[in-house]
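Q: sequence and predicted model, in that order:
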Amino acid sequence: MCRKFVRKVVLLSVVAVLAVVYAVQLVSEARTNVKIVTTDGDIDFVLINNNGTMLSIAKENDSWFVGESKVPCQLNRANGIVNAVNEIKVLGTVSSGSAADNERYGFDGAIIVEAYGATKLLRRIVVGKNTATGSQCYARLDDKSSIYLVQGALRSTFEATEDDIKEKKAPEKEEAEDESQAPQLETL
């Protein structure tokens, strides 16, 4: 009888310790330092300046178009660009943004992204270099001098060219080729 009592006390103690560990993990996860910065409106135009190479995408109705020629854009590529601008996960501030930091964080060859909604500037991002891991990069947001470490390889997203994101068309077969390959029937 005494043995069962000791076993129950030990089991209940282990359960209590595990419950405390679980509660501590929940509290520590709730205090994450990741700040999600979103735009105040719907984006309908994005202008990307990649070292003088300009790329623009514009939304008309539910479709996205590239450049002034309004070539249809791949929906997944346009949505990737817009989502990257619309929701930025800031992991922390790495510098107050002195002039000496420009080279260190890759702002000498920065990509400048401006997003508009109804002709109003909603977000301006200056994208520096990617980190060594490649899954994060350095950025300045909305003309602030502070340099932030943000989640995602924004540089890779914004380095797209017009040829990369325009809608690809399947090659059309000529009717003459189709007719020449059709079996010929002889008449009797």
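A: Great, that's in hand. The structure presented is a predicted model; accordingly, all values stated were derived computationally and were not measured.

Q: got the contact list for residue 156?
A: Neighbour list for residue 156: residue 130 [criterion: CB atoms under 8 Å, 6 or more residues apart in numbering]. C-beta coordinates here come from the backbone N, C-alpha and C atoms, glycine included.

Q: which residue ranges of this structure form helices?
A: For the chain, the helices defined by DSSP state H occupy 2-30, 75-86, 101-104, 154-158, 162-165, 175-181.

Q: go through the ones you listed and pick out the most buried.
A: Highest mean neighbour count among the helices of the chain (mean count of other CB atoms under 10 Å): helix 154-158, with a mean of 19.

Q: related to what we said a few turns ago, of the helices of the chain, which is nearest residue 36?
A: Nearest to residue 36, of all the helices of the chain, is helix 75-86, at 10.3 Å by CB to CB.

Q: hang on, the earlier thing: ok, which of the helices of the chain comes nearest residue 124?
A: Closest among the helices of the chain, using CB to CB: helix 75-86, at 9.5 Å.

Q: rank the helices of the chain by pLDDT, which is bottom?
A: For the helices of the chain, mean pLDDT drops lowest on helix 175-181, to a mean of 49.

Q: and the residue most central in space within the chain, how far from residue 152?
A: Geometric centre of the chain, nearest residue: residue 84, 3.2 Å, by CA atoms, centre = their mean. Distance of residue 84 to residue 152, given as CB to CB, to the nearest Å: 6 Å.

Q: same check on residue 158?
A: Remark: distance between residue 158 and residue 152 (CB to CB) = 11 Å.

Q: repeat that for residue 51.
A: 20 Å.

Q: go ahead and confirm residue 87 touches residue 43.
A: No - Residue 87 lies out of contact with residue 43 (CB atoms under 8 Å); the separation is 10.8 Å.

Q: more neighbours: those two, which one.
A: Neighbour count, other CB atoms under 10 Å: between residue 87 and residue 43, residue 43 has more, with 19 against 12.
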